[in-house]
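Asker: when you get a sec, could you give me coordinates for this:
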Amino acid sequence: MYARISVFLSAILATQAAGLHPVRDRLSANHATNDLHDRTTHERDYGAPNSPRSEPIFTIHRGQENDTATLIQKGDCVFTAWDELYITDFLQEQLGYLSTSDHCWIIKGVRGLQELLHRNITANPLNNVTIPTCVSLNITSKGNSFSIDFSTNSYEVNGVAEDTFVLLTYVHLVCMTAAFFLAYPIILVLASTPSLCIMIDRPLQEPTKAKIDRWQTIFQTFVFAPLMIGGLVTGIIGMGTSDHARTEHGIVGYITIGLAAIVVPLYLYQRRLSSRPDLTFYMYRRMKFINALDFIVCQAILVISGFALPDGIDDFGVMTLCGTNTISTSLIFSLGMIVSFVWNCAMATMTVQWLLGQRLQGGTFRDRAPPWMLKVLRKRSV
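Answerer: Just a heads-up that it's a prediction; the model follows:
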């Protein structure tokens, strides 16, 4: 028995000599486990990932701790990676709201974004974020690439400077509006006037008819075509490095330009055929087909161009960072009424011309229907 006690005491003395204590070591292990558990709970509560880039960043500015203290140097500018991550995420979210909805801040441009960012940083002082004013921040939203500089309150969109983009957009708007809502409707009214006068038994005299034809040619070749080309060129340059025809405005615009490119040579060919005195039956049939095609294309241009204008204004508001806030609503309404008046006159004139033409032909619809349509009607009746 004494031998066992002596062996036990020898083991305790050897353990103490080695610096080990069973109870203290167990408490240390429990303390380390509790500390690890508290850290895991802290990360789960505050949303801080183990590494700064291992989780999505779309909620960083809503309470996450500053866990990225790495310094980044770009030229003479030094700032933390946390500042860049926080501010980039905030700007990305604001531009996403602007591109997908009518959400727009009160102050236009970079000043409005900086005001929103300053309010967010002030509301979350624990984040310890400083806005870097010595370097541009690059954001991509819905196909548009923005380079925002808070030091000068300026930006570039798709590689085009702010002032240059606004100037190109205004020129594009003026050219396209004047071409498709003023010049082109006037051309259609001039083209329909001689036919309408004949249908109401008040034909124009030859000098008056020649004058109308001359003005129509002037508007077609020296007003409408140059304005259309100028609007197309400024629109392409204003898009910069962005993909073209990616928005509704771009797609509708290209379709309208394509139809308008058909109208000018079609009009010149019509004039050439109608001026020939020896018009054969085959040429008469061709001219009748061209007139019908011209009527369809003209109506399509008038209808489609009406969709391009509001879509373009929406795109302008996004790419100028709420730049449409500075435009007077009453001024837009007044200009819209003036433009729509000329546009509606052209639509009404062409519609009346078509209705009077159908009335003068007489007979029922079956009498005037082409042979291929009669075959279809017979098959359906059987």
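Asker: in this structure, which residue is closest to the centre?
Answerer: residue 315 (3.7 Å; Cα atoms, centre = their mean).
Asker: from residue 106, how far off is that residue?
Answerer: Distance of residue 315 to residue 106, given as Cβ to Cβ, to the nearest Å: 21 Å. Every residue, glycine included, has its C-beta placed from N, CA and C.
Asker: now do residue 199: how many residues are near it, please.
Answerer: Using other Cβ atoms under 10 Å, residue 199 has 16 neighbouring residues.
Asker: and the pLDDT for residue 260?
Answerer: For residue 260, the model assigns a pLDDT of 90.
Asker: I'd assumed residue 251 was in contact with the residue nearest to the centre of the chain.
Answerer: No. The criterion here is Cβ atoms under 8 Å, and residue 315 misses it with residue 251 at 11.6 Å.
Asker: list the buried residues for the longest helix along the chain?
Answerer: For the chain, the longest helix by residue count, based on DSSP state H, is helix 281-319. Residues of helix 281-319 classed as buried: 287, 290, 294-295, 298-299, 301-302, 304-309, 311-312, 315-319 (neighbour count, 16 or more other Cβ atoms under 10 Å).
Asker: next structured bit after that helix?
Answerer: Where DSSP states H and E defines the elements, the next helix or strand beyond helix 281-319 is helix 329-361.
Asker: helices and strands around that following helix, which ones?
Answerer: Helix 329-361 makes packing contacts with helix 184-199, helix 281-319 when contacts are defined by 3 or more Cβ pairs under 8 Å, 6 or more residues apart in numbering; DSSP states H and E.
Asker: the helices in this protein, which residues?
Answerer: 2-17, 22-46, 81-100, 109-123, 162-178, 184-199, 206-218, 225-239, 248-274, 281-319, 329-361, 365-368, 371-381.
Asker: gap between the residue nearest to the centre of the chain and residue 79?
Answerer: Taking Cβ to Cβ, one finds residue 315 at 33 Å from residue 79.
Asker: using CSV, write down the CA coordinates of stretch 140-149.
Answerer: What follows is stretch 140-149, C-alpha atoms only, in CSV (Å, rounded to 0.1, in the frame of the first residue of the first chain):
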residue,chain,number,x,y,z
THR,A,140,-21.0,48.9,-64.0
SER,A,141,-24.8,48.8,-64.1
LYS,A,142,-27.2,47.4,-66.8
GLY,A,143,-24.5,47.6,-69.5
ASN,A,144,-23.4,51.2,-68.6
SER,A,145,-19.9,51.7,-67.2
PHE,A,146,-19.5,54.7,-64.9
SER,A,147,-16.3,56.3,-63.7
ILE,A,148,-17.2,58.5,-60.7
ASP,A,149,-14.8,61.2,-59.4
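Asker: ok, and what's touching it?
Answerer: 91-92, 95-96, 98-100, 110, 113, 136-139, 155-159, 241-243, 246-247, 318-319, 321 (Cβ atoms under 8 Å, 6 or more residues apart in numbering).
Asker: just the buried residues of these.
Answerer: By 16+ other Cβ under 10 Å, these give 91-92, 95, 98-99, 110, 113, 136-137, 139, 155-158, 242, 247, 318-319, 321 as buried.
Asker: chain center to stretch 214-223: distance?
Answerer: Offset of stretch 214-223 from its chain centre (Cα atoms, centre = their mean, to the nearest Å): 33 Å.
Asker: quick one: end-to-end length of that stretch, please.
Answerer: Stretch 214-223 has an end-to-end distance of 13 Å (Cα to Cα, to the nearest Å).
Asker: again with stretch 313-324
Answerer: Rule used - Cα to Cα; the end-to-end distance of stretch 313-324 is 8 Å.
Asker: ok, and what's touching it?
Answerer: For stretch 313-324, using Cβ under 8 Å, 6+ apart, the contacting residues are 98-99, 104-105, 107-110, 112-113, 142, 144, 146, 155, 157-158, 162, 165-166, 169, 173, 247, 249.
Asker: tell me the spacing between residue 205 and residue 277.
Answerer: 19 Å.
Asker: the more surrounded of the two?
Answerer: Counted by other Cβ under 10 Å, residue 205 and residue 277 do not tie: residue 205 has more neighbours, with 9 against 4.
Asker: return the residues in contact with that one.
Answerer: Counting by Cβ under 8 Å, 6+ apart, residue 205 has no contacts.
Asker: residues near the residue lying closest to residue 301 once chain neighbours are set aside, how many?
Answerer: In this structure, residue 301 finds its nearest non-sequential neighbour in residue 259, 5.1 Å apart by Cβ to Cβ, 6 or more residues apart in numbering. Counted with other Cβ under 10 Å, residues neighbouring residue 259 total 16.
Asker: mind listing what residue 259 touches?
Answerer: 297, 300, 301, 304.
Asker: let's see it at 10 Å
Answerer: Residue 259 makes contact with 296, 297, 298, 300, 301, 304, 305 under the criterion Cβ atoms under 10 Å, 6 or more residues apart in numbering.
Asker: quick one: these as JSON lines, columns for pLDDT and distance to residue 228 too.
Answerer: Formatted as JSON lines, the contacts of residue 259 follow (pLDDT from 0 to 100; distance: Cβ to Cβ, whole Å):
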{"residue": "296", "pLDDT": "88", "distance to residue 228": "19"}
{"residue": "297", "pLDDT": "89", "distance to residue 228": "14"}
{"residue": "298", "pLDDT": "87", "distance to residue 228": "14"}
{"residue": "300", "pLDDT": "89", "distance to residue 228": "15"}
{"residue": "301", "pLDDT": "90", "distance to residue 228": "11"}
{"residue": "304", "pLDDT": "90", "distance to residue 228": "14"}
{"residue": "305", "pLDDT": "87", "distance to residue 228": "11"}
